[in-house]
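Student: structure of the sequence below:
(one chain, ligands or ions: 2)
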Amino acid sequence: MKALILAGGFGTRLRPLSCTRPKILFPIVNKPLLQWTFERLAKNKIEEAILAVNLQTELFIKQHRIPKCGLHITYSRDPLKKPLGTAGPVKKAEKLIGHNAPFLVLNGDIFADINYRKISKAHKEKDAVATIALHRVEDPSRYGVAELAGENRIKSFVEKPSPETSSTDLINAGVYVLSPAIFKYIPKGQEVSLEHEIFPKLVKEGKLYGYVFDGLWTDIGEIEDYLTINKILLKHFVKQHKHKTGRGIRVREPVAFDTGVSIGEKSIIGPYTILGQDVTIGKNVRIQNSVIFARTIISDFSSINGAIIGESAVIGKKTRIEGGSVLGDHVKIKDNVSLTKGVIICPAKEVTESVLTSKIII
Ligand code: GDD
Ligand code: MG
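Tutor: Ligands and ions are numbered 1, 2, ... in the order given. This next block holds a predicted model:
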């Protein structure tokens, strides 16, 4: 079975971190989201993955050298300056996918602990052109929602309904099995949306089915979701190793440290803290509920709580960063600066004075 991964689009709600990397390369517990997806595909005996990308994303992915996990990887690129939406890339990859068997389509920006073999089995048991993985959530208004009739046939599909109109909590989890019959529904070379154009048509013809699953699922569309998935994985799925302490260093689990991390004396790290590759922590630093990307330096006597700090940032001494603040790559924070209440700082900015109200520094 082949899988097409939709990986165009940069994710504006994840700024400033998405200014410098596509969503599928966000590190989730120190591993790019795309690598988690590759691993899950390989585990489900999928042999080939086609990445539906734009040029920029393709370059980023290649630069990252993600382990292929034994998968055969090909790229199918949207035309320059002409994104094809969510259905257009399926049509574009028609030759690569072929007409022999049903195939998987995955939204690249979700973390879904789903058994691909079970959903394809469910698909094959019906006369379906498409089967959508459905997941129950509390607030369905940010997603596509489906209403099920008998035998798991979908009787309505609405993309991002207003909260009043939605009568179901079953949402489109962004994982589909499609039969080759889908190709004739999608016009060639155009921007086409599966959710707005194709699924409603299939509903009318009775060819759209659902497959409800309960596993772990998150869309990393917003900063809050990003922190949550990291926390859940840390707590339930990431093995806690024995950390070398001493010199007054205290590690409060759960935490994850990538290779090359160094921690100065008397620092207290955790709980819920992720330190990326080669992160350097000074002395008497306190970090909790935070994600620190690779190569960032955090200097002595600083305290960080509930923040995300991008790559290669340099945080001065005696700083305080908290309240859901998010700092882009290469940001510099001078000594003694406090950032509280959700301060957003764009990549490569230098901050020399404290910011105590929610604010975006461009
Ligand atoms: N190649 C390519 N070209 N990929 C694209 C394009 C494009 O023009 N536009 C979007 N994508 C990719 C995105 O990178 C993402 O992985 C996926 O298609 C879905 O697009 P989003 O922009 O992230 O959509 P969404 O999050 O608002 O909604 C979708 O996902 C929800 C679940 O997370 C919909 O499928 C909803 O129905 C669904 O509930
Ligand atoms: Mg999305």
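Student: excluding residues flanking it in the chain, which one is nearest whatever residue of the stretch 51-200 of the chain ends up closest to ligand 1?
Tutor: In the stretch 51-200 of the chain, the residue that lies nearest ligand 1 is residue 144 (2.4 Å; CB to the nearest ligand atom). Where you see a C-beta, it was placed from the backbone N, CA and C, and this is true even at glycine. Once flanking residues are discounted, residue 144 sits nearest to residue 172: 3.6 Å by CB to CB, 6 or more residues apart in numbering.
Student: same question for residue 185.
Tutor: In space, and not counting its chain neighbours, residue 185 is closest to residue 198: 5.5 Å by CB to CB, 6+ apart.
Student: so that neighbour touches residue 87, yeah?
Tutor: Yes: counting by CB atoms under 8 Å, residue 198 touches residue 87, with 5.1 Å between them.
Student: joint contacts of these two?
Tutor: 185, 186, 192 (CB atoms under 8 Å, 6 or more residues apart in numbering).
Student: kindly state the pLDDT recorded for the second one?
Tutor: Residue 186 carries a pLDDT value of 98.
Student: next up, the contacts around it.
Tutor: Contacts of residue 186 (CB under 8 Å, 6+ apart): 87, 88, 90, 91, 192, 198.
Student: who in the stretch 1-150 of the chain is up against ligand 2?
Tutor: Applying CB under 5 Å from the ion, we find that the stretch 1-150 of the chain lies next to ligand 2 at residue 109.
Student: can you give me the helices for the stretch 1-150 of the chain?
Tutor: 33-43, 55-64, 88-92, 94-97, 116-125 (DSSP state H, counting those that start in this stretch).
Student: adding mean neighbour count and mean pLDDT, write those out as CSV.
Tutor: Below are the helices of the stretch 1-150 of the chain laid out as CSV (neighbours: other CB atoms under 10 Å; pLDDT from 0 to 100):
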stretch, mean neighbour count, mean pLDDT
helix 33-43, 20, 96
helix 55-64, 16, 92
helix 88-92, 24, 98
helix 94-97, 16, 97
helix 116-125, 17, 96
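Student: neighbours of the residue nearest to residue 107 when sequence neighbours are not counted, how many?
Tutor: Of all residues not flanking residue 107 in the chain, residue 174 sits nearest, at 3.1 Å (CB to CB, 6+ apart). Residue 174 has 23 neighbouring residues, counting by other CB atoms under 10 Å.
Student: the residue nearest to residue 185 - that's part of a strand, no?
Tutor: No: under DSSP: H, G, I helix; E, B strand; the rest coil, residue 198 falls outside any strand and is assigned helix.
Student: tell me the pLDDT at it?
Tutor: Predicted confidence (pLDDT) for residue 198: 98.
Student: and it, what does it touch?
Tutor: So residue 198 contacts 87, 130, 182, 185, 186, 192 (CB under 8 Å, 6+ apart).
Student: residue 360 now?
Tutor: 343, 344, 345, 346.
Student: filter the residues you listed down to just the buried residues.
Tutor: In those, burial by neighbour count holds for 343, 344, 345, 346, counting by 16 or more other CB atoms under 10 Å.
Student: residue 359 is in contact with the first one, correct?
Tutor: Yes: the pair residue 343 and residue 359 qualifies as a contact (CB under 8 Å) at a distance of 5.5 Å.
Student: residue ranges with poor pLDDT in this structure?
Tutor: Scanning the chain for pLDDT under 70 picks out the ranges 10-11, 166, 244.
Student: quick check: domain ranges of it?
Tutor: 2-229, 239-361 (automatic domain parsing).
Student: what about residue 305, distance to ligand 2?
Tutor: 28 Å (CB to the ion, to the nearest Å).
Student: what sits against residue 12?
Tutor: If you count contacts by CB under 8 Å, 6+ apart, residue 12 has them with residue 18.
Student: please read the previous query as pertaining to residue 13.
Tutor: Contacts of residue 13 by CB under 8 Å, 6+ apart are 221, 222, 223.
Student: the second one: neighbour count?
Tutor: The reference is to residue 222. Neighbours of residue 222 using other CB under 10 Å come to 13.
Student: touching, it and residue 14? I think so.
Tutor: Yes: with contact defined as CB under 8 Å, residue 222 counts as touching residue 14 (6.9 Å).
Student: roughly how far does residue 321 sit from ligand 1?
Tutor: Counting by CB to the nearest ligand atom, to the nearest Å, the gap from residue 321 to ligand 1 is 28 Å.
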